[in-house]
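J.: Quick one, structure for this:
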Amino acid sequence: MCNYKKMFMKKKLMCLVCLIFILVSCSDEEFTTMDSSSDSVDKGMKAAVVPQASKYNVLGWGYDVTGEYMSKDSKTVPIIDIEKLEKYSGSRIVIDDQTETTHEFFYGATSQDLMKEISSNVSKSMNANAAHKYLFKDLTTFSGTLSSHNKSDSSSYSYSTKYSFGYQSQTHEVMTYKINSYTDTLINYLTEDFTNDLKTRSPQFIVARYGTHVLTNITIGGRLYSSFSSSFEKEHNYTKKTEYTKSSFNLSLSKLGITTDTYNHSEAVATDKESKNKHIRVRTSGGNKAIDISFNFDYDNVKPIDTKEWQNSLNNDNLKNLALVKIDWNYAYPIYELVKDPVKKAALKKAVEEYIINSYKSLLDITPLYIFYNGSDKKKGFNHFTTIDPEIDRLYKNWDYHGVTGYVLKENLPGTIPLYIFYHEKGFNHFTTTDSSVGSYSGWTPLGRAGYIYKNKQEGTVALYQYYHNAGFNHFVTTDPYIIRDNSGWAHGNALGYVYPR
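T.: Numbers count the residues shown, from 1 in each chain. Down below sits the predicted model:
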C-alpha cells in the first residue's frame, strides 16, 4: 500500500510540474486560438463596468474612430496605466492650460460624402510621416457621426442619397494633457486588463472592447455641435447639392445665433427655398446646463439659443465638468502599435482595418450579388447568371444556387457606375456588364440594372471579373480571379469594376 501511495504522489508531482512549465512557456502577448465568433465582440460590453476618468480625464484611454466624431461616447476603457506612469515617469505627463476657441464645418451631398470629408480633415491635420495617417486618408472613419442625428425618427434619416448633410463644431479648449512618450515606452505601462486580454482574447474582441486607438494627447473643455440634413429633390449634381447644403445649413445656424461658416446670405435665402425636410440637432458636450435641441425648420418660430450660461461654466475651476473636445491625431496611436510580437501585431492591425471598413460598409445601402447556374440545355450550352435576384432557383426550373460573389451598391454614389443585365434567348446567355450598349446588338434584351459598382479600387473592395466561354456561349461575372487558371475554355478575365467582398 505504501508503494502505491508513493507512486501516486510522484504522478501528482509530475503533473503539477508539467502544468507550471506550460503556463510559464506561454507568450506574454499570445492571442487565443479560439474562433472569434465564440469570443463576444459586442460593443455593449464596454458599458458593463464603466471606469472613472483619472485626474487627467481620459488620457491613456482607448478610442473608437468608427463612432460619432469627437463624441464622449467614442472613448472606451483605459489602456495606459496612468497612475503607474505618473509614479515612475511623472515628468512625461505634460499639462497646458492655454485656452482657445475653434470652429469646424463639414458638408456632404450624401452621408458618405460627409464621413469622408471629416476623415479627410483628420488626415490633413496629421504629419506627412505619421505611420497611421493612412487609416484616415485611405479608410472612412467616424461612420457613427449621424447615428443620433434625429433622435425621434432615425428611420427617416437613413443613409440615403436622398439627404444631404452638414456638421458644425464650436470648440472651447480649456486644458490639454499629453504623454511625452512614444509607443516603445508606453508598452511598459499598459493596464493589467489590456495586458491580460492580449494574452487570452481574439484580436476582434480586443478592438471591440478597447477601440482602435489610444489617446496620448487630448484637450478637454466644451463643444457646441450641430448636425443638419435636408433634401434637394430637384438637384442631382453632387457638387451643387453640397453648395446648397452649405448655404441652407449656415442660414439655419444664423437663425439660432450660432457662429457660421463664410457664406452668401442672399444666395442662401434663395437656395433655401429648394431645401425640403430640413432637420437640425444642436447639442453640447462638457460644462453645465447641457443643450440638446432639435428643429424641423419653420423660421417663423425659431429663436436664438442662449448659450451664455453653458459657455461661462467652461473653465478650469471645475475640471470634472469638462469633456474631451480635441485629439491630436498624430499621437493617437493605433492599439496594434502597443503589441511587441510582430505576428500578433499584424493580426491586430488587420482586425482594426477590418473593423473600420465594416463599420463604414454597414452604412452603405448594399445588396448581395448572387450566382446561379443552369446546365440543363445541352444544345444551347450552359448558363451562369450573376444577379441581385435571390429567387432564381425557386421561381425557375433547372437553376442551381452557387452562392454570393460580392456586394453591390443600390444607389449611384460618386465614383460608381451602373451594372446592367442582358439576356440572349437564342443563345441562352445572361450577360451582366457595365456596357450599356449591349442591348443595341441583335438578340440581346435588357433586363434592368443590378446596382452600382466602383469604377476604381476603393479600400475594402475587390475586383469583379468578366469571363467568356466561347464553346458554351456563356458570360460569367464573379469575384473569383482564378477562373481561367483553374478551368479550361474560359477567356478574357478583365475587371468590370470593384465590389465589396462576400
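
J.: Where do the strands of the stretch 251-400 of the chain begin and end?
T.: 276-285, 292-295, 323-327, 332-334, 366-374, 383-387, 400-409 (DSSP state E, counting those that start in this stretch).

J.: got the buried residues for the last one?
T.: I take that to be strand 400-409. Residues of strand 400-409 classed as buried by neighbour count (16 or more other Cβ atoms under 10 Å): 405-409. Every residue, glycine included, has its C-beta placed from N, CA and C.

J.: so what does whichever helix or strand comes after that strand touch, helix or strand wise?
T.: Next helix or strand after strand 400-409 toward the C-terminus (DSSP states H and E): strand 416-424. In terms of contacts (3 or more Cβ pairs under 8 Å, 6 or more residues apart in numbering; DSSP states H and E), strand 416-424 is packed against strand 429-433, strand 444-454, strand 490-499.

J.: got CSV for those strands, with mean neighbour count, distance to residue 132 and mean pLDDT too?
T.: CSV is the format used below for those (neighbours: other Cβ atoms under 10 Å; distance: least, Cβ to Cβ, whole Å; pLDDT from 0 to 100):
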stretch, mean neighbour count, distance to residue 132, mean pLDDT
strand 429-433, 22, 38, 93
strand 444-454, 17, 24, 95
strand 490-499, 17, 24, 91
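
J.: Could you export those as TSV, including distance to residue 375?
T.: Output for the helices and strands packed on strand 416-424, formatted as TSV (distance: least, Cβ to Cβ, whole Å):
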stretch	distance to residue 375
strand 429-433	13
strand 444-454	20
strand 490-499	15
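
J.: State whether residue 225 and residue 168 are indeed in contact, as I suppose.
T.: Yes - with contact defined as Cβ atoms under 8 Å, residue 225 reaches residue 168; the gap is 6.3 Å.

J.: in a helix, that's where residue 477 is, yeah?
T.: No - applying DSSP: H, G, I helix; E, B strand; the rest coil, one finds residue 477 to be strand, outside a helix.

J.: what about it, neighbour count?
T.: 26 (other Cβ atoms under 10 Å).

J.: Look at it and report its pLDDT.
T.: On pLDDT, residue 477 comes in at 95.

J.: dump the residue contacts of it.
T.: Listed by Cβ atoms under 8 Å, 6 or more residues apart in numbering, the contact set of residue 477 reads 384, 386, 405, 432-433, 464-467, 496.

J.: quick one: the nearest residue to residue 251 once chain neighbours are set aside from residue 237, how far?
T.: In this structure, residue 251 finds its nearest non-sequential neighbour in residue 268, 4.3 Å apart by Cβ to Cβ, 6 or more residues apart in numbering. Going from residue 268 to residue 237 by Cβ to Cβ, to the nearest Å gives 18 Å.

J.: neighbour count winner among the two?
T.: Legend: neighbour count by other Cβ under 10 Å for residue 268 and residue 237, higher for residue 268 (20 against 11).

J.: didn't the more buried one look like it was pressed against residue 243?
T.: No - using Cβ under 8 Å, residue 268 makes no contact with residue 243, being 10.1 Å away.

J.: how about low-confidence regions in the stretch 1-150 of the chain?
T.: The stretch 1-150 of the chain contains residues with pLDDT under 70 at 1-50, 52-53, 150.

J.: quick one, strands of it?
T.: Under DSSP E, counting those that start in this stretch, the stretch 1-150 of the chain gives strands at 61-63, 75-78, 93-96, 100-108.

J.: can these go into TSV with extra columns for distance to residue 263 and mean neighbour count?
T.: TSV is the format used below for the strands of the stretch 1-150 of the chain (distance: least, Cβ to Cβ, whole Å; neighbours: other Cβ atoms under 10 Å):
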stretch	distance to residue 263	mean neighbour count
strand 61-63	32	25
strand 75-78	33	23
strand 93-96	33	13
strand 100-108	10	18
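
J.: So which of the ones you listed is nearest residue 356?
T.: strand 61-63 (12.5 Å; Cβ to Cβ).

J.: by contact count, what packs against the closest one?
T.: strand 75-78, strand 213-215.

J.: who's in contact with the shortest one?
T.: Okay, so that is strand 213-215. 58-63, 65, 75, 79-80, 132, 186, 324, 327, 332-335, 338.

J.: How far does the following helix or strand past it sit from its chain's centre?
T.: Next along the chain after strand 213-215, taking DSSP H and E as the criterion, comes strand 217-231. How far strand 217-231 lies from its chain's middle: 18 Å, per Cα atoms, centre = their mean, to the nearest Å.

J.: Start at 57, not 1
T.: Okay, residue one is now 57; in that scheme the one you just asked about reads as strand 273-287.

J.: Go through strand 273-287 and flag the buried ones.
T.: 273-287.

J.: Run me through the strand neighbours of it, direction for each.
T.: Sheet pairing here is set by DSSP bridges, and for strand 273-287 it gives strand 220-235 (antiparallel), strand 332-341 (antiparallel), strand 379-383 (antiparallel).

J.: quick one, which of the ones you listed is nearest to residue 528?
T.: Residue 528 lies closest to strand 220-235 among these, at 47.1 Å (Cβ to Cβ).

J.: Give me the residues contacting the helix or strand that the closest one is followed by.
T.: Downstream of strand 220-235, the first helix or strand assigned by DSSP H and E is helix 239-242. Contact with helix 239-242 is made by 136, 145, 148, 235, 270, 272, 389, 393-394, as judged by Cβ under 8 Å, 6+ apart.
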